[in-house]
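[1] Build me a model from this:
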Amino acid sequence: MNESARHAATSTLERILAEPTPADLWDLQKTLLVIGGEAAVRARAVAREFHACLRALESKSSSRRASRLGAVLGSAAVGSVSLPDLLRSQDVALEELLQSSLPAVLEIGSAISSAQAWEVEAQLIYDEFTWFLYQELWDVSASAVPELSADERTARIDQVLDPLLDSAVPDADRAALLVDVFRAILAARVLPLLG
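    Numbers count the residues shown, from 1 in each chain. The predicted structure follows:
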């Protein structure tokens, strides 16, 4: 193996294990192409999915902030229009008062629906990457601990990955776990290439 490629892969992997970034994963995949071989192909597949994971989490985080801000601004805008109307309409019949508040209720409902849609999209990210990670954990553990029965292997992998699929687990905890599992699998795939 090319010694400079080995050194570059080692350095990049160290950065990824400390603080993963899409840019470092991009660099690692290029180095893995230079290293070549079947093991490097497997490592590149993990790096590719990890890159996609980090980008998806970054996008999800931005989308969540925008969704929350939009809900707050929409509700505040409705409140600022409706409250003065209500104060001016003290003498208006109850029916007219209800009619004037209907747009406010619809706007708030729309903001809530938008936030709920975001939560569904966020769950899909965890579902997608957990599928990939399950297979990788199975393969890595089958090589590292071949004496485990299928039931034992399944139970151990489920113990690690089930929190990713549990919507009761806080989003920040699931995101951190997702990144940690990717780091572990990437290390398991790349370290044997480095000798």
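[2] List the contacts of stretch 42-52.
    16, 20, 22, 25-26, 28-29, 32-33, 129, 132, 136, 182-183, 185-186, 189-190, 193 (C-beta atoms under 8 Å, 6 or more residues apart in numbering). Quick note: C-beta positions are derived from backbone N, CA and C, even for glycine.
[3] Could the C-alpha coordinates of that stretch be exported in CSV?
    These are the backbone C-alpha positions of stretch 42-52, laid out as CSV (Å, rounded to 0.1, in the frame of the first residue of the first chain):
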residue,chain,number,x,y,z
ARG,A,42,-16.6,-1.6,2.1
ALA,A,43,-15.0,1.3,4.1
ARG,A,44,-15.9,3.7,1.3
ALA,A,45,-19.5,2.5,1.5
VAL,A,46,-19.6,3.3,5.2
ALA,A,47,-17.9,6.7,4.6
ARG,A,48,-20.5,7.5,1.9
GLU,A,49,-23.4,6.7,4.2
PHE,A,50,-21.8,8.6,7.1
HIS,A,51,-21.4,11.6,4.8
ALA,A,52,-25.0,11.4,3.8
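[4] 28 is where my numbering starts, stick with that
    All right, first residue 28 from here; so that's stretch 69-79.
[5] Can you give me the buried ones in it?
    69-71, 73-74, 76-79 (16 or more other C-beta atoms under 10 Å).
[6] try stretch 194-204
    Here stretch 194-204 shows 198, 201-202, 204 as buried, counting by 16+ other C-beta under 10 Å.
[7] Count the neighbours of residue 205 for me.
    Residue 205: 23 surrounding residues under other C-beta atoms under 10 Å.
[8] one step back: among the buried residues of stretch 69-79, which are in strands?
    Using DSSP state E, no member of those falls in strands.
[9] out of the residues you listed, who's nearest residue 177?
    Lowest distance from residue 177 to the buried residues of stretch 69-79 (C-beta to C-beta) belongs to residue 69, with 21.3 Å.
[10] Just the pLDDT at the closest one, thanks.
    With respect to pLDDT, residue 69 scores 97.
[11] Residue 74 now?
    98.
[12] Over to the one 5 residues further on?
    Residue-level confidence at residue 79 comes out at 96, pLDDT.
[13] before we move on, what about residue 98?
    pLDDT at residue 98 comes out at 53.
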